[in-house]
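**Student:** Provided below are the primary sequence and the corresponding predicted coordinates.
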Amino acid sequence: MQEFTYRGPSLTAESVLLREAAAQFGTPLYVYSAHSLQDHCRSIESAFGGYPHLSCYAVKANANRELLRLIGAEGFGADVGSLGELRIALAAGVEPAKITFSGVGKRDDEITAGLRAGIYAFNVESPEEITVLDQIASREGTRARILLRVNLDIDAGGHRYVATSLRQNKFGVQSDRALEVLRWARGLPSVEVRGIHSHIGSQITQAETFLKAAGSLMALVTQLSAAGIPVPDLDFGGGFGVQYRGYLAHPGLPSEEPEELNLSAATLIKTVLPLLRETRCRLSIQPGRSVVAHAGALLVKVLYRKQTEDKLFIVVDGGMNDLLRPSLYNAHHQIVPLELDGRGFEQADVVGPLCESGDFLALNRTIPRVERGEYLAVMCTGAYGYVLSSNYNARPRAAEVLIDGSSMRLIRKRETVEQLYEG
């Protein structure tokens, strides 16, 4: 599934030399591997071993329509969190019956659009939201299918910004209230209760965390069924972690110790599936990062080498406006040259061009020596890369390119400066 590799001294994606992509389309540039996307989708699907389920790709991870087309063609549905994501999923050809709508703040027009599109279900977060859904569905002459999101109060670890299942988080209803809320919701005329939903966090790498969540959900399904509330659907959410450190190994690269070896969504799913199968529910999951992270890289160009008394700065043409994760989460992305030349390693801060001290891609990182005009690749940026980009400092957003075998094509044009002020 690793489609980014060195062939001789040159970094390639599938059969394309990435220096040629940078030369043709300019930088900063997001490049994606079609084969990597397909491989990750197939690996996830095979993990279920034929058990009834629905994989809904979390569109928030990467909302490019062309990538979503490829993912949908593998049989995936989509989990959306806004009207925009809903329309992108539909435009990409995702079947409405395979779409779920999540999020704590669904607007009335978004609920209406979801009902009119005929999506499968809304993952609801509060009794008031259920009331609003009932009212809008009644006006639309239909019924709203819902899954109640339950907050399991499980610490999934990682950065506190991506924790979603602690009591103090904004997400879901406390699990000890699920019976009360669902019993009430079943009495509403325009609501169809389908089951429960959980999502405990993001970039989770420990199987034990998922096992704890699966055990809690199994106990809750048992409680609800005993109280006369059927649970046809159980949505286990997403959050399956991926390997960021040491993604590429090569004698010409500094060694990075992976946080978790042999980590994949498939291995995590296989770990919890025996427990979840005992519920006899149809399962749903919402993988995002685990589908697209490894499929993408951000290419940047070295503008300057700046040596101070204290440290070396490698200044590149892509920054926190292009890839926010290092600045926002202190996230680690391996950074490698497009061409290896054996000039040795050096320790540097890899920084962007913005007027912020927080504008960096890596701090105190050991990397191969690079010079002005050469290119670097920031690896594993297929997830939460372009979708979190901005026009800060009035910088146009990057272009996106899809690589498939030996071909590459533009799937999103680079913004122009004129677009920023012409409105």
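**Tutor:** Good, I have the coordinates.
**Student:** please name every helix or strand in contact with the helix or strand bottoming out on mean pLDDT in the chain.
**Tutor:** Lowest on mean pLDDT, DSSP states H and E among the helices and strands of the chain sits strand 173-174, with a mean of 88. Applying 3 or more C-beta pairs under 8 Å, 6 or more residues apart in numbering; DSSP states H and E, one finds that strand 173-174 contacts strand 144-151. Placement of C-beta: from N, CA and C, glycine included.
**Student:** the strand it packs on packs against which elements?
**Tutor:** strand 121-124, helix 127-140, strand 173-174, helix 178-185, strand 191-197.
**Student:** partner strands of the longest strand along the chain and their direction?
**Tutor:** Counting residues, the longest strand in the chain under DSSP state E turns out to be strand 296-307. Its sheet considered, strand 296-307 pairs with strand 29-33 (antiparallel), strand 312-316 (antiparallel), strand 375-379 (antiparallel) by DSSP bridges.
**Student:** the last one: how far from the chain's middle?
**Tutor:** Relative to its parent chain, strand 375-379 has a centroid offset of 20 Å by C-alpha atoms, centre = their mean, to the nearest Å.
**Student:** next secondary structure after it?
**Tutor:** Downstream of strand 375-379, the next assigned helix or strand under DSSP states H and E is strand 399-404.
**Student:** average model confidence for that next one?
**Tutor:** Strand 399-404 shows an average pLDDT of 98 in the prediction.
**Student:** partner strands of it, parallel or antiparallel?
**Tutor:** Taking DSSP bridges as the criterion, strand 399-404 sits next to strand 29-33 (parallel), strand 407-412 (antiparallel) in its sheet.
**Student:** ok, and what's touching that strand?
**Tutor:** 13-14, 16, 21, 25-26, 29-35, 64, 66-67, 386, 408-414 (C-beta atoms under 8 Å, 6 or more residues apart in numbering).
**Student:** filter these to the buried ones?
**Tutor:** Buried members of the contacts of strand 399-404, scored by 16 or more other C-beta atoms under 10 Å, are 13-14, 16, 21, 25, 29-35, 64, 67, 386, 408, 411-412, 414.
**Student:** list the buried residues of the lengthiest helix in the chain.
**Tutor:** With secondary structure taken from DSSP state H, the chain has its longest helix at helix 207-226. Residues 207, 209-210, 212-214, 216-218, 220-221, 224 are the ones in helix 207-226 that count as buried (16+ other C-beta under 10 Å).
**Student:** dump it to PDB, keeping only the CA atoms.
**Tutor:** C-alpha atoms of helix 207-226 as PDB (Å, rounded to 0.1, in the frame of the first residue of the first chain):
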ATOM      1  CA  ALA A 207      -6.200  -1.300  20.200                       C
ATOM      2  CA  GLU A 208      -7.000  -1.400  23.900                       C
ATOM      3  CA  THR A 209      -8.800   1.900  23.500                       C
ATOM      4  CA  PHE A 210     -11.100   0.600  20.800                       C
ATOM      5  CA  LEU A 211     -11.700  -2.600  22.800                       C
ATOM      6  CA  LYS A 212     -12.800  -0.500  25.800                       C
ATOM      7  CA  ALA A 213     -15.200   1.400  23.600                       C
ATOM      8  CA  ALA A 214     -16.500  -1.800  22.000                       C
ATOM      9  CA  GLY A 215     -17.200  -3.300  25.400                       C
ATOM     10  CA  SER A 216     -19.100  -0.300  26.500                       C
ATOM     11  CA  LEU A 217     -21.200  -0.200  23.400                       C
ATOM     12  CA  MET A 218     -21.900  -3.900  23.600                       C
ATOM     13  CA  ALA A 219     -23.200  -3.400  27.200                       C
ATOM     14  CA  LEU A 220     -25.300  -0.500  26.100                       C
ATOM     15  CA  VAL A 221     -26.900  -2.400  23.200                       C
ATOM     16  CA  THR A 222     -27.700  -5.200  25.700                       C
ATOM     17  CA  GLN A 223     -29.300  -2.800  28.100                       C
ATOM     18  CA  LEU A 224     -31.400  -1.100  25.300                       C
ATOM     19  CA  SER A 225     -32.600  -4.400  23.900                       C
ATOM     20  CA  ALA A 226     -33.600  -5.600  27.300                       C
END
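**Student:** per-residue confidence averaged over it?
**Tutor:** Rounded mean pLDDT across helix 207-226 is 92.
**Student:** mind giving me the packing neighbours of the next helix-or-strand element following that helix?
**Tutor:** Per DSSP H and E, the first helix or strand lying C-terminal to helix 207-226 is strand 233-235. Helices and strands touching strand 233-235, by 3+ C-beta pairs under 8 Å, 6+ apart, are strand 191-197, strand 282-285.
**Student:** please redo it, this time with the cut-off set to 10 Å
**Tutor:** When contacts are defined as 3 or more C-beta pairs under 10 Å, 6 or more residues apart in numbering; DSSP states H and E, strand 233-235 sits against strand 53-58, strand 121-124, strand 144-151, strand 191-197, helix 207-226, strand 282-285.
**Student:** on that earlier part again, export the strands paired with strand 296-307 to TSV and tack on mean pLDDT?
**Tutor:** Shown next, in TSV, are those (pLDDT from 0 to 100):
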stretch	mean pLDDT
strand 29-33	98
strand 312-316	98
strand 375-379	98
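**Student:** let's have the ones you listed in a markdown table, adding distance to Ile44.
**Tutor:** Shown next, in a markdown table, are the strands paired with strand 296-307 (distance: least, C-beta to C-beta, whole Å):
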| stretch | distance to Ile44 |
| --- | --- |
| strand 29-33 | 16 |
| strand 312-316 | 33 |
| strand 375-379 | 21 |
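**Student:** right, so of those, which gets closest to Glu110?
**Tutor:** With C-beta to C-beta, the closest approach to Glu110 among those belongs to strand 29-33: 27.3 Å.
**Student:** output the closest one as PDB, restricted to C-alpha atoms.
**Tutor:** What follows is strand 29-33, C-alpha atoms only, in PDB (Å, rounded to 0.1, in the frame of the first residue of the first chain):
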ATOM      1  CA  LEU A  29       1.500  21.200  -4.400                       C
ATOM      2  CA  TYR A  30      -0.600  18.400  -2.900                       C
ATOM      3  CA  VAL A  31      -0.100  15.100  -4.800                       C
ATOM      4  CA  TYR A  32      -2.200  12.000  -4.200                       C
ATOM      5  CA  SER A  33      -1.800   8.300  -5.200                       C
END
